[in-house]
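**Student:** predicted model, plus sequence, below.
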Amino acid sequence: MKKIGVLTSGGDAPGMNAAIRAVTRKALYHNIEVYGIYYGYQGLMDGSIKKLELGSVGDIIQRGGTKLYSSRSEEFKTDEGQQKGIEQLKKLGIEGLVVIGGDGSFRGAKKLTEKGFPCIGVPGTIDNDIPGTDFTIGFDTALNTVIEAVDKIRDTATSHERTYVVEVMGRDAGDLALWAGVSAGAESVLIPEKTEDFDDIVERIKRGHERGKRHSIILVAEGVGSAVEYSEKIKKAMNMETRVTVLGHTQRGGSPTANDRVLASRLGAKAVDLLIEGKGGRMVGIQNNQVVDHDILEVLDAKRVPELSMYQLSKELSI
Ligand code: ADP
């Protein structure tokens with residue numbers, strides 16, 4: 001392995017830059033040339049590729065977003081698109097590719113590997129929805145963004161004695177809402193993996209009021225439904241003032257936390273190790289604080305098991 005490429009694809013996540021840096025520096029440490037592919041798979045097909053040096057990835061470990069930019073491409077889902085990408089890589093003599101992204105990006109990486117071009121997936125998404133790793137790069141930062149917002153909302157909720165419904169990201173995975181609920185002390189957390197009894201939500205708010213609590217925070221993962229709808233329902237059921245905050249894309253940005261930087265550094269370096277060993281079609285992850293790797297398809301086809309012990313904990317701590 002003399003030359004490798006690195007790209008970021010799909011939804012961006014804080015810590016992707018730290019992963020790009022780790023891939024680049026680890027490869028250069030082993031005297032392997034590194035090429036940055038800009039704009040994800042779209043840029044791969046278009047040949048938006050530049051050589052990266054040690055200094056190219058300086059001053060980015062602390063930055064959110066991705067220096068290599070990202071994109072989504074329908075064309076890349078076709079055989080012709082994938083073949084075009086491989087031709088661009090071969091033209092430059094690149095022999096292996098690190099793909100930093102979510103499950104969609106991993107499927108693309110697997111397709112390239114099946115066509116004879118070895119790729120390694122590094123999980124970067126704030127949703128924490130990739131099986132085979134306890135945490136994805138960006139999740140910890142997004143979580144900290146959510147709890148900082150909820151802490152602030154709680155100040156104003158207390159002052160005005162209101163119930164706040166806060167909508168967080170998570171179309172299919174409730175991890176962000178759940179972990180935020182536990183760490184910010186929300187009264188109820190609504191996640192796609194569990195059907196919540198509306199009467200129970202109302203009961204919890206009522207119990208809080210009866211013991212003199214002046215605020216209630218309800219966290220809703222976007223996959224469950226709109227925070228506005230829940231707010232209206234609570235307002236009607238309880239005859240009280242409610243407010244809604246949708247955190248939206250603030251959750252995707254910001255300087256990565258120490259945890260995300262360390263995770264990105266460990267996983268990025270491991271991806272290069274695997275390419276050096278001649279492996280492809282694998283994803284790297286962290287399980288029980290050990291860096292691991294798995295076959296991408298086996299992992300993506302396995303059903304993701306949500307951390308329901310966190311759900312139980314959140315219920316028990318918000319009685
Ligand atoms: P994420 O990686 O964050 O899950 P997407 O699901 O949008 O984001 O995937 C990013 C890109 O990966 C897509 O725009 C597409 O180019 C590529 N991709 C997704 N699924 C496949 C697939 N089954 N085969 C090939 N490429 C894919």
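**Tutor:** Cool, the structure landed.
**Student:** and the end-to-end length of stretch 36-54?
**Tutor:** From its first residue to its last, stretch 36-54 covers 12 Å (CA to CA, to the nearest Å).
**Student:** quick check: residue 34 vs residue 207, distance?
**Tutor:** Distance of residue 34 to residue 207, computed by CB to CB, to the nearest Å: 57 Å. From N, CA and C alone the C-beta is placed, and that goes for glycine too.
**Student:** out of those two, which sits in the busier spot?
**Tutor:** The residue with more neighbours, out of residue 34 and residue 207 and counting by other CB atoms under 10 Å, is residue 34; that gives 25 against 14.
**Student:** list the contacts of that one.
**Tutor:** 3-6, 23-24, 27-28, 51-52 (CB atoms under 8 Å, 6 or more residues apart in numbering).
**Student:** also residue 198?
**Tutor:** Counted by CB under 8 Å, 6+ apart, residue 198 has contacts 233, 237.
**Student:** same thing but 7 Å
**Tutor:** If a contact means CB atoms under 7 Å, 6 or more residues apart in numbering, then residue 198 has residue 233 as its contacts.
**Student:** over to residue 205?
**Tutor:** Going by CB under 7 Å, 6+ apart, the list of residues near residue 205 reads 163, 187, 216, 238.
**Student:** pretty sure the third one is touching residue 187, no?
**Tutor:** Read it as residue 216. Yes - if you go by CB atoms under 7 Å, residue 216 and residue 187 touch, sitting 4.6 Å apart.
**Student:** who touches both of the two?
**Tutor:** By CB under 7 Å, 6+ apart, the residues touching both residue 216 and residue 187 are 205, 208.
**Student:** who has more neighbours, those two?
**Tutor:** More crowded of residue 216 and residue 187, by other CB under 10 Å: residue 216, with 27 against 21.
**Student:** backbone torsions only: list them for the more buried one.
**Tutor:** Residue 216 adopts backbone torsions of phi -140, psi 140, taken as degrees, to the nearest 10.
**Student:** residues in contact with it?
**Tutor:** 163, 187, 205, 208.
**Student:** that one and the ligand, how far apart?
**Tutor:** With the distance defined as CB to the nearest ligand atom, to the nearest Å, residue 216 ends up 33 Å from the ligand.
**Student:** repeat for residue 156
**Tutor:** Applying CB to the nearest ligand atom to residue 156 and the ligand gives a distance of 34 Å.
**Student:** so residue 121 lies in a strand, does it not?
**Tutor:** Yes - per DSSP: H, G, I helix; E, B strand; the rest coil, residue 121 lies within a strand segment.
**Student:** partner residues bridging it?
**Tutor:** With DSSP bridges as the criterion, residue 121 is bridged to residue 99, residue 283.
**Student:** neighbours around it, how many?
**Tutor:** When neighbours are counted by other CB under 10 Å, residue 121 comes out with 34.
**Student:** equivalent analysis for residue 3, please.
**Tutor:** 16.
**Student:** so who does it touch?
**Tutor:** 32-33, 35, 92-95.
**Student:** phi, psi of it?
**Tutor:** Torsion angles, degrees, to the nearest 10, at residue 3: phi -140, psi 130.
**Student:** that one bridge partners, please.
**Tutor:** Beta-bridge partners, per DSSP bridges, of residue 3: residue 33.
**Student:** now it: how far from the ligand?
**Tutor:** 23 Å.
**Student:** now that residue: how far from residue 119?
**Tutor:** 14 Å.
**Student:** residue 291 contacts residue 268, correct?
**Tutor:** No - contact criterion CB under 7 Å: residue 291 and residue 268 do not qualify, at 10.5 Å.
**Student:** which one of the two is surrounded by more residues?
**Tutor:** Neighbour comparison, residue 291 and residue 268: the larger count goes to residue 268, with 29 against 16 (by other CB under 10 Å).
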